[in-house]
Structures are given as structure tokens and as C-alpha cells.
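Visitor: pasting a predicted model and its sequence here:
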Amino acid sequence: MTEGNFVDYVKIYASSGKGGKGSAHLHKEKFVLKGGPDGGDGGRGGHI
């Protein structure tokens, strides 16, 4: 078997997320009837 050079070329396109609107969540404890808002802001999105 002869040995030779093997060259391969691949182009990859990738994108990360854009974050989100956050979540609508209410704080809940056993003895607190209406705890108020507890959600997050959604963040910036992910990294690759």
C-alpha cells in the first residue's frame, strides 16, 4: 500500500442563542400567601 497525503476541507457555520424574555414566576413559601414576582431577566444568550 502506498502512503500519500490526505487533505480535507470543512467549513462550519455556528451561532449561539439570543437569550430570552425571562420567566414569569411568583415566589412561593408555605406561610406566605402572595410572595411577589420571582422570575429572571432572560440573560444574554449562550457562547460557542
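Guide: Arrived safely, thanks for sending.
Visitor: switch to C-alpha atoms for all contacts and neighbour counts from now on
Guide: OK.
Visitor: so where do the helices sit in the protein?
Guide: The residue ranges that make up helices in the chain, judged by DSSP state H, are empty, as it has none.
Visitor: pLDDT weak spots in this protein?
Guide: Within the chain, the segments meeting pLDDT under 70 span 1-2, 19-20, 22-24, 39-48.
Visitor: what pairs with residue 37 across the strands?
Guide: Applying DSSP bridges to residue 37 gives these bridge partners: residue 26.
Visitor: that one contacts residue 28, correct?
Guide: No: using Cα atoms under 8 Å, residue 37 makes no contact with residue 28, being 9.4 Å away.
Visitor: got any residues that touch both of those two?
Guide: Between them, residue 37 and residue 28 share no contacting residue under Cα atoms under 8 Å, 6 or more residues apart in numbering.
Visitor: how many residues are close by residue 7?
Guide: Per other Cα atoms under 10 Å, the neighbour tally for residue 7 reads 5.
Visitor: also the one 10 residues further on?
Guide: When neighbours are counted by other Cα under 10 Å, residue 17 registers 10.
Visitor: got phi/psi on it?
Guide: Geometry field for residue 17 lists phi and psi as phi -70, psi 170, criterion degrees, to the nearest 10.
Visitor: residue contacts, residue 34?
Guide: So residue 34 contacts 26, 27, 28 (Cα under 8 Å, 6+ apart).
Visitor: save these as CSV, and put in distance to residue 17 and neighbour count too.
Guide: CSV is the format used below for those (distance: Cα to Cα, whole Å; neighbours: other Cα atoms under 10 Å):
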residue, distance to residue 17, neighbour count
26, 26, 12
27, 27, 12
28, 30, 13
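Visitor: if anything else comes up later, I'll come back, but that's it for now.
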